[in-house]
Every structure is written in structure tokens, then in C-alpha cells.
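Enquirer: coords please:
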Amino acid sequence: MKNYFTQFIKGIFSYKEAMVFLFNNKLLYFLIFPILFNFFLSSLVFYFLEMGSDYLHDRLLFLINSMLGTVVLNGGVISKVISISLWIFSKIFFLFLFLIFSGYITIIILSPIFTFLSEKIASIKTGHNYSFKLLQFFKDVFRAGVIAIRNIFIQFILMLLFLLLGFVPLIGWTISIFGNAIVTSYFYGFSFMDFSNERNKRSIKESVNFIRKNGGIAIGIGLMFYCCLLIPLVGSFLASLLSIISLTAATLSVEEMNINSTDLQSS
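Expert: Model prediction:
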């Protein structure tokens, strides 16, 4: 536990190192890509939020109408109250889904940029020049998508378990809130760190074991990204910008661990 806490603090402070690294090596121009991405994401979110919430509203209203009878809900105050309540619920529900998965949408869509940037950072950090191979590049991008989908699936199951715990007063609420934050942060950090693990030829199983051993760092890196997503209105925009720094922090952390591991083996 103490080791995990030390790793967690290291993961948090790795953002400072990442910012300095990006600035000193003139890599801040990579922040342009999240800005362009946000124009696309905003349009996508607006479309699906409107379409999805309206569909859910209509289906729920039809279901209630069928259960209670058209006479009860045919106009009048009750009908309007139920309709407005369902409309609000539908908007909140789809907004909640967006908050959960928007981070992974960012990671998946920007994965080509992350793959290229991670390789560039590692090249500067280690002095090793990585030759660009188009087939390997596409493999890396594909794996990033697979990892993100895997993490979404596991996180969603754990989130449902925490949701059930939330029905237990006080203790359940606390475990649910903090548990969900820790799990979400871990899997975000996992996704960022795996870009380096893929480049270092670690299989998905080896990457899982590696990140479990260094879970504190993954949580620290992912927590900063997760907290950004929670900021009202501008959260997704700031998080997409921060994703470049998160990726840098993760790459530097993994490469440092690889260097330390090599030094220990050689000694």
C-alpha cells in the first residue's frame, strides 16, 4: 500500500515533468490536434445527445402511456409534468454516459497522434531512433482501440457494482464515489501507459501485469485527466488538451521504469 501511494504521488508530479519536457523539446504544437478534435467531438456530442435523449424520452413516454392509459396522459397537467420530467431525465442520462465515455472517445480518436508522440518522446528520452513503419503504426493504433474498449467494458461492470453499493447509506455512498473515481483513473492511466508498452513489445497480458505492479502511477496519471472531465461545460475540451500532457507523463514514467529495470539487471 505504501508503495502504491508513493507511485500515486509520482504519477501526479509526472505532469510537471511532462510540461517541462514538451516545452523544452518544442512539442507543444501537438496541442493543436486536440483543439481540432474538439470541433468534431462537439458536433458529434450535440447530435447524439439530442437524437438519443429525444428517442429515450419518446419511448419512456409511450411506455408510461401504455401502462397508465391514454386517457390519463392525454393532455392536462399530469401529462406535461411527466413529459418534462422524462425530457430532463433523458438529457441527464445521456450526459452522464458522455461523461463516462468521453475520455475513451478522446483516446481512441487521438490514438494515431498519441502513437506518434509517444514514439517521439521515447526517442528523445532514450536516444534510440525508431524507424517509422506504416504497418506497425496501424497495429499500434488498432491495439489502442482494443485496450480502450477492454477498459470500457471492465470499468462499466465495476461501475454497476459501485452503483449497487451506493444504495447502502453512508458507507456505500463513500465506497461508491471513491471506488468509481479510483477505477476510472486507473483505466485512463492504463490506456495512456499502454502506448509505451506496445512500443516496447509487451503483449496485452504483459502490459496488464506491468501496469498492475505500477498501478499507483496509472491512478495518479489518470486522476488528473478524470478530474478535468468533471469540470462543467469545458471539461471535455480541457481534458482533450490535457491528454497530450497525460500521454507525455505516461511515456516518460514507463521509459524511466524501463531504464531503471535495465540498470538493475545489468548490475
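
Enquirer: CA atoms for contacts and neighbours, from now on please.
Expert: Noted.

Enquirer: I'd like to know which elements whichever helix or strand residue 115 is part of is packed against.
Expert: Using DSSP states H and E, residue 115 sits within helix 111-126. The contact analysis (3 or more Cα pairs under 8 Å, 6 or more residues apart in numbering; DSSP states H and E) places helix 111-126 against helix 134-165, helix 171-199, helix 235-266.

Enquirer: mean neighbour count, those: which tops it?
Expert: Comparing those by mean neighbour count (mean count of other Cα atoms under 10 Å), helix 171-199 ranks first with a mean of 21.

Enquirer: and the helix holding residue 115, average pLDDT?
Expert: The pLDDT scores in helix 111-126 average 89.

Enquirer: that helix vs helix 235-266, what angle?
Expert: Going by axes from the mean of the first three to the mean of the last three Cα atoms, to 10 degrees, helix 111-126 is angled at 40 degrees with respect to helix 235-266.

Enquirer: change the start of the numbering to 7 and stick with it
Expert: Renumbered: residue one is now 7, and that last one reads helix 117-132.

Enquirer: check the helices and strands packed on helix 117-132 for me: which has the lowest mean pLDDT.
Expert: What stands lowest among the helices and strands packed on helix 117-132, in mean pLDDT terms, is helix 241-272, with a mean of 80.

Enquirer: isn't residue 125 right up against residue 205?
Expert: Yes - using Cα atoms under 8 Å, residue 125 is in contact with residue 205, at 7.4 Å.

Enquirer: out of the helices and strands packed on helix 117-132, which gets nearest to residue 32?
Expert: Proximity to residue 32 (Cα to Cα) singles out helix 241-272 among these, at 13.0 Å.

Enquirer: quick one: residue 243 from residue 182, how far?
Expert: Here residue 243 is placed at a distance of 26 Å from residue 182 (Cα to Cα, to the nearest Å).
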